[in-house]
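Chemist: Requesting a structural model of the entry that follows:
(chains A, B and C)
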Amino acid sequence: MLKGRSLIDPMDLSKEELEEIFKLASDIMSCPEEFSKVCDGKLLATLFYEPSTRTRFSFEAAMMRLGGKVIGFSEPNSSSVSKGECLADTIRTVGCYSDIIAIRHPKEGSAKVASIYSEVPVINAGDGGHQHPTQTLTDLLTIKELKGTFNNMTIGICGDLKFGRTVHSLLKAMSRYDNNRYILISPSELKIPDYIREEVLNKNNIEFIEVETLENSMEQLDILYMTRVQKERFFNEAEYLRLRDSYILDKEKLKKAKKDLMIMHPLPRVNEIDYSIDEDERACYFKQAKFGMYARMALIAKLLGVR
Amino acid sequence: MLKGRSLIDPMDLSKEELEEIFKLASDIMSCPEEFSKVCDGKLLATLFYEPSTRTRFSFEAAMMRLGGKVIGFSEPNSSSVSKGECLADTIRTVGCYSDIIAIRHPKEGSAKVASIYSEVPVINAGDGGHQHPTQTLTDLLTIKELKGTFNNMTIGICGDLKFGRTVHSLLKAMSRYDNNRYILISPSELKIPDYIREEVLNKNNIEFIEVETLENSMEQLDILYMTRVQKERFFNEAEYLRLRDSYILDKEKLKKAKKDLMIMHPLPRVNEIDYSIDEDERACYFKQAKFGMYARMALIAKLLGVR
Amino acid sequence: MLKGRSLIDPMDLSKEELEEIFKLASDIMSCPEEFSKVCDGKLLATLFYEPSTRTRFSFEAAMMRLGGKVIGFSEPNSSSVSKGECLADTIRTVGCYSDIIAIRHPKEGSAKVASIYSEVPVINAGDGGHQHPTQTLTDLLTIKELKGTFNNMTIGICGDLKFGRTVHSLLKAMSRYDNNRYILISPSELKIPDYIREEVLNKNNIEFIEVETLENSMEQLDILYMTRVQKERFFNEAEYLRLRDSYILDKEKLKKAKKDLMIMHPLPRVNEIDYSIDEDERACYFKQAKFGMYARMALIAKLLGVR
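Modeler: The predicted structure follows:
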């Protein structure tokens, strides 16, 4: 039963519950009109203590396309925080006005705190470098819809694997499926953290290799998940200049790729995917953004218990 | 007739008109579905020249739960004010787009000015330290719903009674009912202003005493209305340190209270009510926030003439 | 066919297409209820990279009065721009969530760029000093509704004719109609640019004179379009002090005007129209603001193809 629950960590959802959400998302995509009024009279509150237009828009559009309405703020300035109120009080008050809350907060654990005090379901829309479960839902739904499976694939993940929370969540979520192989592509400074290597990969006997460049692995990949590599993450400028091109996907590197490679990116991108790739039918990142809205529609409908 | 009118000062409403609003609020609470479309096609404009998430959310949720929609801004930066436009012009323009306006402005009297130039009803959502009539409506509806009467009670009001506008408005509004007795609890620097003592209390032969600490009066109270005491209001630090604990409600102080005491607070609180009190069934401040939304629903419906 | 198209430059629309939009606006004004659900289920995204409350409200009210909903931001701070994303990516992502986009951007040409990358219609809501086509639609609809014609009039345009984009767009749009005569009233520093004089007026054999003061031409005018004259546009303070009163419309100057003169202003005004004029029935600028909403309703309905 998802009705009335909160979603804080992507792992809060069992495989069966994920299936339920993806099934509903799929139904909504095939016939959106049928779902365009299911949240009629319901209110979503979007509390963004940190700006994120993309995520906020995705939540708000999701709620509106279900027939619901939205109240919210997009920056902390305009919130009551400046009056010294604690998060628990804000959440309890907002719960008086709304039926479900999406919260984004720079401080790790704040979404969890919010869910403890809330009388309505809380969705974590990102808490610091910690969790961003609807991005994981988005990624999984994209794979499900475009690959039709979560098993038997070679998945490349490229870029900043140390600080990128979407990558950690994706690895955790995918670790529950069978027979996937990972090629983890990053500069040595930005490899996946030890706890992911141990607790997620080794513990589940998942096959993976860690490499430094994108080129050599390309031909093996079924999915390539790109993320940003920020200059300031490198130890020194020389290292950055030596490596940066290895983490930029361009037409040249794509030549060796499979015909049905699926290129993903959580967006926004800066320059790590060349714009010339956008026209390639293997580029799936804008589709992914669209799936993100449908994933949130399904999630909201499930947590509100209207479907 | 409330239709088409503005609400600037809580005393703009007669006792009969208040009754009409509370009756409607009560009807809405018993059967919200019946009212969920009465403002279909109507637009509320929320002009917040000063941020107040709580009040803005309450207005917007109220309008949306009546089936209406909302345009607005939550901070002056994004308004046309920066281009030098006067308030009268802004109001007349916004009145071209919307059916009713809620305005919050740091300058006293600005809501009144707005109502003079507006072709649609204007609701004062707070003008400086002056008036905040929907907070008074909220307080009264809470008392009405939870006590069932506006008469024959001993009401404690605690905290900053000098600058707290909600307290002044509540005293004025309650002065029209019978046989209530007030215990005004504040440091001497923050006693009620002379004009309230003379014009509101003495003039209406209302019984009241002014005391410095919360403890001694507790057992007599039917209602305890708490407000914030800000450190910077005190004349000196020593005085603040000596007195501050007297204005914090905790479990110890609550021991002597009546079983049916009703603890109110306009929120946000900082530390003047200990969090351990929240679980006590006498704590009514979150219910009060919820009543605030219903009070605004009833008010909007009445001013728009849809009920 | 307007369905699916973008509107970047006012001249993107043929005279016939304008007629179609004005006809629909007129129908909406006579029976708004009939159109109050035509955009049910549709989403407008308002991307305001530069604040403009008035324009944003007009778009959002327009969409809501058609039964649609709105997502958006009103200031660049809260957008993804701060993460270095290019406009093309923002537009493609927002197009995943919404059915139509209104964009205001300080950089000239940005609305054009947006329309190239967008999969949904884009409306230019102002790009720097360049174009603001819905203001032109507003101006034309106001003239159409209140004068009943676009021909055979003497039209005074007063104020800053050099930098005022609304004036340039209006002159271009009106140049397609017959037998109008223009009196262009401005200080010599703020005359219309040469390219407007040559490409728009002379090329189309349009009769016009350029004068420095408002008084002498007043009695000839059928329409007087006022705009702001900003002090900082003048070469020197002495010149400003000498001339400023010539560009302020007051009761005295209005004495010689025709009984059916129509006074327009794109708003916001600062002091260029005296407040005493507001009561005069020839003052049409607040009506103009209202027509602005209806013009946008008709435009949105046409571009979405729902009417």
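Chemist: Relative to A:Ile100, how far out is the residue of the stretch 51-200 of chain A at minimum distance from chain C?
Modeler: Proximity of the stretch 51-200 of chain A to chain C (C-beta to the nearest C-beta) peaks at A:Ala61, 3.8 Å away. Glycine gets a C-beta too; all of them are placed from N, C-alpha and C. As judged by C-beta to C-beta, to the nearest Å, A:Ala61 and A:Ile100 stand 15 Å apart.
Chemist: What of A:Asn216?
Modeler: Relative to A:Ile100, and taking C-beta to C-beta, A:Asn216 is found at 46 Å.
Chemist: May I see the buried residues of stretch A:149-161?
Modeler: Taking 16 or more other C-beta atoms under 10 Å in any protein chain shown as the basis for neighbour counts, the residues of stretch A:149-161 that come out buried are A:Phe150, A:Met153, A:Thr154, A:Ile155, A:Gly156, A:Ile157, A:Cys158, A:Gly159, A:Asp160, A:Leu161.
Chemist: and which of those is nearest chain B?
Modeler: Ranked by distance to chain B (C-beta to the nearest C-beta), those are led by A:Asp160 at 33.7 Å.
Chemist: which bits of the stretch 1-150 of chain A sit near chain C?
Modeler: With C-beta under 8 Å from any C-beta of the partner chain as the criterion, the stretch 1-150 of chain A meets chain C at residues A:33, A:36, A:48, A:51-54, A:56-58, A:60-61, A:64-65, A:69, A:74-75.
Chemist: ok so, going back, my read is that the residue of the stretch 51-200 of chain A closest to chain C contacts A:Gly292, right?
Modeler: No: taking contact to mean C-beta atoms under 8 Å, the distance of 9.6 Å between A:Ala61 and A:Gly292 leaves them out of contact.
Chemist: Which one's more surrounded, those two?
Modeler: In terms of neighbours (other C-beta atoms under 10 Å in any protein chain shown), A:Gly292 is the more surrounded of A:Ala61 and A:Gly292; the figures are 29 against 24.
Chemist: For A:Ala125, give me its contacts.
Modeler: If you count contacts by C-beta atoms under 8 Å, 6 or more residues apart in numbering or on different chains, A:Ala125 has them with A:Thr46, A:Phe48, A:Ser52, A:Thr55, A:Arg56, A:Phe59, A:Ala102, A:Ile103, A:Arg104, A:Ala111, A:His132, A:Thr134.
Chemist: any idea how far the fourth one is from chain B?
Modeler: Read it as A:Thr55. Counting by C-beta to the nearest C-beta, to the nearest Å, the separation of A:Thr55 from chain B is 19 Å.
Chemist: How about the fifth one?
Modeler: Separation of A:Arg56 from chain B (C-beta to the nearest C-beta): 14 Å.
Chemist: if we can go back for a sec, hmm, which two among the buried residues of stretch A:149-161 are most spread apart?
Modeler: Taking C-beta to C-beta as the measure, those reach their widest spread between A:Phe150 and A:Asp160, a distance of 24.0 Å.
Chemist: who's in contact with stretch A:265-283?
Modeler: For stretch A:265-283, the surrounding residues in contact (C-beta under 8 Å, 6+ apart) are A:54, A:135, A:138-139, A:159, A:166, A:225-229, A:247-251, A:254, A:257, A:259-263, A:285-286, A:288-289, C:80, C:83-85, C:88-90, C:93.
Chemist: now, which of the contacts of A:Ala125 sits nearest A:Arg197?
Modeler: Proximity to A:Arg197 was ranked across those by C-beta to C-beta; first place goes to A:His132, at 20.7 Å.
Chemist: for the closest one, phi and psi?
Modeler: For A:His132, the backbone dihedrals are phi -150, psi 70 (criterion: degrees, to the nearest 10).
Chemist: what's the neighbour count on it?
Modeler: 25.
Chemist: Could you verify my assumption that A:Met262 touches A:Lys144?
Modeler: No: with contact defined as C-beta under 8 Å, A:Met262 and A:Lys144 do not form a contacting pair (11.4 Å).
Chemist: higher neighbour count, these two?
Modeler: Of the pair A:Met262 and A:Lys144, A:Met262 is the one with more neighbours under other C-beta under 10 Å, namely 22 against 19.
Chemist: Among the contacts of stretch A:265-283, name the ones in strands.
Modeler: Within those, membership in strands is found for A:Tyr225, A:Met226, A:Met262, A:Ile263, as judged by DSSP state E.
Chemist: want to try JSON lines for these, with pLDDT as columns?
Modeler: Formatted as JSON lines, the entries for those read as follows, by pLDDT from 0 to 100:
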{"residue": "A:Tyr225", "pLDDT": "98"}
{"residue": "A:Met226", "pLDDT": "97"}
{"residue": "A:Met262", "pLDDT": "98"}
{"residue": "A:Ile263", "pLDDT": "98"}
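Chemist: Excluding chain neighbours, what is closest to A:Leu2?
Modeler: Computed as C-beta to C-beta, 6 or more residues apart in numbering or on different chains, the closest residue to A:Leu2 that is not its neighbour in sequence is A:Lys302, at 4.1 Å.
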